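Peer 1: Generate coordinates for the sequence data below:
(chains A and B)
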There are 2 protein chains.
Amino acid sequence: MPEPFVVIGGDAAGLSAASKCKRESPDREVIVFEKGQWVSYAHCGEPYFVKGEVDKLENLLSLTPEEIEERDIDLRRHHEVVAVDPDAGTVTVEGPDGEFEQAYGDLLVATGARAVTGPIEGSELDGGFPLHGLDDAAAIRAFLLDPSEDALADVGGEAFVDRERVGRFGAMDPPETAAIVGGGYVGVEMAEALSAHGLDVHVFQRSGHLLSPFGEAVGEAVAAELREQGVTLHLNETVVRLAGEDRVERLECEGGTALDIDLAVVGVGVQPNTDLLAGADVELGEDGAVAVDEYGETSVEGVYAAGDCAEDDHTVTGEPAWVPLGLTANRAGRAVGATVAGDPTPVGSIAGTAVVKAFEQECGRVGLLEDGAREAGFDPVSETITTRSRSGYYPGAAETTVTLVADRESGRLLGGTIVGTDRAAVRIDTVATALEADMTVGELERADLAYAPPFSPVWDPILVAAKVLNGKLKD
Amino acid sequence: MPEPFVVIGGDAAGLSAASKCKRESPDREVIVFEKGQWVSYAHCGEPYFVKGEVDKLENLLSLTPEEIEERDIDLRRHHEVVAVDPDAGTVTVEGPDGEFEQAYGDLLVATGARAVTGPIEGSELDGGFPLHGLDDAAAIRAFLLDPSEDALADVGGEAFVDRERVGRFGAMDPPETAAIVGGGYVGVEMAEALSAHGLDVHVFQRSGHLLSPFGEAVGEAVAAELREQGVTLHLNETVVRLAGEDRVERLECEGGTALDIDLAVVGVGVQPNTDLLAGADVELGEDGAVAVDEYGETSVEGVYAAGDCAEDDHTVTGEPAWVPLGLTANRAGRAVGATVAGDPTPVGSIAGTAVVKAFEQECGRVGLLEDGAREAGFDPVSETITTRSRSGYYPGAAETTVTLVADRESGRLLGGTIVGTDRAAVRIDTVATALEADMTVGELERADLAYAPPFSPVWDPILVAAKVLNGKLKD
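Peer 2: Presented below is the predicted three-dimensional model:
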């Protein structure tokens, strides 16, 4: 038997790899080191826990520690890997009982990403939160609830949660005015979550558009939706400081704008956790994420990386890209698990497919939009159309806006976005599949997509966009 | 200028062709002969008009005669083309003022399909309806309404509808018990429509499954849904007779089953309208639909066919197939219009994509299922999975059942179905796009589809099915 398969990080990529390896190769020893107390949980569900649509914190766990044990995975929580020595084939681990070396046969780095708070002073004050982990979600929800409620019991997770922090926020008066710094996914989802608790919600965004990776058409629709829902938007405002005595009381922007607040959620981005690789000569990419080949192997033999800490090849450009999202983490982890178990499996490419709910608006994006396409060396042509989601005569038809981008010379589809209230988000999968297959806009225009009055007009919104863009390409 | 572009049939394919030709070549004379009074209307909306979700019959018109005139199309309603003489380049037309010959430069046969009532005696009795045209829809709705209501005004369409027929049914006592003969699209949609009016609804289906083109998994889910909604199913029952004095009073089946009824809707299939081509030496396909090349041209030069009367090439087999559905009619008509105007445009292939709403269940199908794949010479492997439509912890997650079929040797995806209550139908477009691109199941499994808790689990139901089927293919 080879040395154990050692996994660093007990979340989506790490546990997908561990599970797959154990299933394919039951005799192989698999050890997962997780530095924290939570394993395998749904980051993406946190805003819905804060909102209250998800009752219990435990519901966000994909796998409990018991289920992981049943799979015969040796899970060690509260064990942090602090160094990797590829020459010796060992990792250095700091555990509750001190530091030790662990030999590995194959190693997977699945350390994820961490929230950055950027150059914003005062983010560490009480009442200023990132939203990156169940402890943050628990603390925010405890803060939102009335102190007379038993916040700790209500949020669940007694066995794992930072009780002291939850108890402290639970005892405070609930906030009335909230600032969300950053109008990306987390910002938009948290605007919905905090509004549901009756707070006066303000979103601060450095650029002029929300959800910038989704392009202008989506950004504008989402801005309109947030305003209609009572959220105040502060666009083109750069937040420089959260100020207060012991806790956050005030937010200040570069140009002088200021606002009295009780709560701030800072969601201005994430960066890959790769510090432990500093001495290991593992190659990193432009964004600081780990560079890997098509099987997820790094520049060092036997050392793999997957999930939010790693790059993937981009479906459209074929070049490495860092797009930390859930499906690709799960898939890449699973592929590495299979490869390590003897069935070489490609991790797959990433198209940057993303969907997000902004109150009633469903937003989707995939591939390269105009700016990204230009940077990648294409000559992009873009078209945005607005049409109905169902036959016009059928009740519930809603305006749906689609943008498609293609390369002028080849007609190749490069990317697209969608926004609308009626089944808009899942329609982006049509574009994602077309990108996967290197289709041209003309080919997409001729796709035989579904039509029935309750679900789609004769020409699906995606087809309408393809038809108009294809017409533009012919001109 | 060449002789006029003559179009036979003023519905989806015909008017799409006429409009496109006029737009691309405004000086070309375009004449459309329509034997009836209705043009360009939404067949697929009829059940929803009967149900009452669509208020006015006029709402089902895609284009009014006035809009068609504005496009400078010479539309002649109540003109039936009875013969085509390709050698002379003329058609024989019977109009209100008698018979005449019309010369054409290009000719499009867009005569559609008609409902068959099969070998069922008594279908012509009052109270026995096909559902194929706005007059049928108007008469059924008038029948359902209380005689005290002004049925004619309520159903609208005073300018076009068969007033006598509507008035007659409007004056009758509303029916209480309805039989639907045939458990296909029309049958399932009409079960919902008639139930909404409080009728005791019975569906008779010759085979053991509803919606047979959707395969067993969908058929069973729909049967369960219809039963739960109070519809009585009579499977494996062949209806032979509708009986009554002046109007339908009783339904009789082959094995002796009988039921007293007041209303019967017979939806047992359609056949292409090609009688007028009898003397013209135009080649027909196996199903009796007109054979065409990739531009929609028939075996006779200058004579095109499109829509429900014509074949298309099947996306998966590459062979001619007759699948009369709305999008392909519109698209093929538009392509012929462009070709005739000097821009040769392929009509596109047909994947047999179809979606239908059965009360709360959304159903989709595309491509070849096991039987069809075997007939076409493939060695099909099929897998059916049931999973959730959203992250399990997010409210509203619903069971979604997906079947995918692939060729054993090549792994090529051949077709699939889906059923579920939460955004299931539009997900079939992912499979349709994959078929368009000749993807394998392995490639589909690696597609980067959208994930966010409100819209999809990490692994979309389509991906789960691809993953499981791909595993089966590897065994």
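Peer 1: what are the ranges of the helices in the stretch 51-200 of chain A?
Peer 2: A:65-70, A:134-144, A:151-155, A:163-171, A:185-195 (DSSP state H, counting those that start in this stretch).
Peer 1: how deep is A:Asp136 tucked in, by neighbour count?
Peer 2: Other residues within reach of A:Asp136, judged by other CB atoms under 10 Å in any protein chain shown, total 18. Quick note: C-beta positions are derived from backbone N, CA and C, even for glycine.
Peer 1: where does the stretch 201-350 of chain A have low pLDDT?
Peer 2: In the predicted model of the stretch 201-350 of chain A, no residue satisfies pLDDT under 70.
Peer 1: show me where it has strands.
Peer 2: Assigned by DSSP state E, counting those that start in this stretch, the strands in the stretch 201-350 of chain A fall at A:232-235, A:239-243, A:250-253, A:258-260, A:263-266, A:270-272, A:303-305, A:312-313, A:320-321.
Peer 1: looking at those strands, which is closest to A:Arg334?
Peer 2: strand A:303-305 (12.0 Å; CB to CB).
Peer 1: Run a quick neighbour tally on whichever residue of the stretch 51-200 of chain A sits closest to chain B.
Peer 2: The nearest approach of the stretch 51-200 of chain A to chain B comes at A:Asn59, 4.0 Å away (CB to the nearest CB). A:Asn59: 18 surrounding residues under other CB under 10 Å.
Peer 1: before we move on, what about A:Gln271?
Peer 2: Neighbours around A:Gln271, by other CB under 10 Å: 16.
Peer 1: Excluding covalently adjacent residues, which one is nearest to it?
Peer 2: Leaving aside its chain neighbours, A:Gln271 sits nearest to A:Val116 (5.4 Å; criterion: CB to CB, 6 or more residues apart in numbering or on different chains).
Peer 1: Please name the residues that touch the one you found.
Peer 2: Taking CB atoms under 8 Å, 6 or more residues apart in numbering or on different chains, we find A:Val116 in contact with A:Val268, A:Gly269, A:Val270, A:Gln271.
Peer 1: nearest to chain B, of those residues?
Peer 2: Looking across those and measuring by CB to the nearest CB, the closest to chain B is A:Val270, at 16.4 Å.
Peer 1: And the strands of the stretch 201-350 of chain A: which comes nearest A:Val81?
Peer 2: strand A:303-305 (12.1 Å).
Peer 1: Excluding chain neighbours, what is closest to A:Asp312?
Peer 2: Per CB to CB, 6+ apart, closest to A:Asp312 is A:Ile350, 4.0 Å.
Peer 1: Looking at strand pairing, list the partners for that neighbour.
Peer 2: With DSSP bridges applied, A:Ile350 shows beta-bridge pairing to A:His314.
Peer 1: Check A:Gln271 too.
Peer 2: According to DSSP bridges, beta-bridge pairing links A:Gln271 with A:Arg114.
Peer 1: Would you agree it is in contact with A:Asp308?
Peer 2: No. A:Gln271 is beyond contact range of A:Asp308, at 9.5 Å (criterion: CB atoms under 8 Å).
Peer 1: Find the residues that touch each one of these two.
Peer 2: A:Ala113.
Peer 1: Are any of the contacts of A:Val116 buried, and if so which?
Peer 2: Buried residues within the contacts of A:Val116, counting neighbours by 16 or more other CB atoms under 10 Å in any protein chain shown: A:Val268, A:Val270, A:Gln271.
Peer 1: which residue sits closest to the residue of the stretch 301-450 of chain A found nearest chain B, ignoring its sequence neighbours?
Peer 2: Closest to chain B within the stretch 301-450 of chain A is A:Ala437: 3.2 Å, counting by CB to the nearest CB. Excluding its sequence neighbours, the residue lying closest to A:Ala437 (CB to CB, 6+ apart) is B:Ala437, at 3.2 Å.
Peer 1: now do A:Asp173
Peer 2: In space, A:Asp173 is closest to A:Pro147, 6.9 Å off (CB to CB, 6+ apart).
Peer 1: So what's the residue count around that neighbour?
Peer 2: Neighbour tally, A:Pro147, other CB under 10 Å: 14.
Peer 1: contacting residues for it?
Peer 2: Contacts of A:Pro147 (CB under 8 Å, 6+ apart): A:Gly170, A:Ala171, A:Met172, A:Asp173, A:Pro174.
Peer 1: Among the residues you listed, which one is most surrounded by other residues?
Peer 2: A:Gly170 leads the contacts of A:Pro147 on contacts (other CB under 10 Å) with 25 neighbours.
Peer 1: Look up how far A:Ala264 lies from it.
Peer 2: Distance, A:Gly170 to A:Ala264, by CB to CB, to the nearest Å: 18 Å.
Peer 1: try A:Val458
Peer 2: Distance from A:Val458 to A:Ala264, by CB to CB: 48 Å.
Peer 1: do the same with A:Phe214
Peer 2: A:Phe214 is 24 Å from A:Ala264, by CB to CB.
Peer 1: Keeping just the C-alphas, turn the helix or strand hosting A:Leu435 into PDB.
Peer 2: Assigned by DSSP states H and E, A:Leu435 falls within helix A:428-436. Output of helix A:428-436 as PDB, limited to C-alpha atoms (Å, rounded to 0.1, in the frame of the first residue of the first chain):
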ATOM      1  CA  ILE A 428     -28.000  30.400 -18.700                       C
ATOM      2  CA  ASP A 429     -27.300  26.700 -18.700                       C
ATOM      3  CA  THR A 430     -28.200  26.700 -22.400                       C
ATOM      4  CA  VAL A 431     -25.400  29.200 -23.100                       C
ATOM      5  CA  ALA A 432     -23.000  27.300 -20.800                       C
ATOM      6  CA  THR A 433     -23.600  24.100 -22.700                       C
ATOM      7  CA  ALA A 434     -23.100  25.900 -26.000                       C
ATOM      8  CA  LEU A 435     -19.800  27.300 -24.800                       C
ATOM      9  CA  GLU A 436     -18.700  23.900 -23.600                       C
END
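Peer 1: now for it, which elements pack on it?
Peer 2: strand A:361-367, strand A:413-420, helix A:441-445, helix B:428-436 (3 or more CB pairs under 8 Å, 6 or more residues apart in numbering or on different chains; DSSP states H and E).
Peer 1: and if we set it to 6 Å?
Peer 2: Here helix A:428-436 touches strand A:361-367, strand A:413-420, helix B:428-436, going by 3 or more CB pairs under 6 Å, 6 or more residues apart in numbering or on different chains; DSSP states H and E.
Peer 1: just the angle between the longest one and helix A:428-436, please?
Peer 2: Calculated by axes from the mean of the first three to the mean of the last three CA atoms, to 10 degrees, helix B:428-436 forms an angle of 20 degrees with helix A:428-436.
Peer 1: Could you do the first one as well?
Peer 2: An angle of 0 degrees separates the directions of strand A:361-367 and helix A:428-436 when computed by the same axes, to 10 degrees.
Peer 1: average pLDDT across strand A:361-367?
Peer 2: Across strand A:361-367, pLDDT averages out at 98.
Peer 1: Going C-terminal from that strand, what's the next secondary structure element?
Peer 2: helix A:370-375.
Peer 1: Give me the contact list for that following helix.
Peer 2: Helix A:370-375 is contacted from outside by A:Pro380, A:Ser382, A:Val405, A:Leu414, using CB atoms under 6 Å, 6 or more residues apart in numbering or on different chains.
Peer 1: same for chain B: which of these are within range?
Peer 2: When CB under 6 Å from any CB of the partner chain is taken as the criterion, no member of these contacts chain B.
Peer 1: Near chain B, which residues of the stretch 351-475 of chain A are found?
Peer 2: A:351, A:353, A:355-357, A:364, A:393, A:395, A:423, A:425-430, A:432-434, A:436-437, A:439, A:446-455, A:458.
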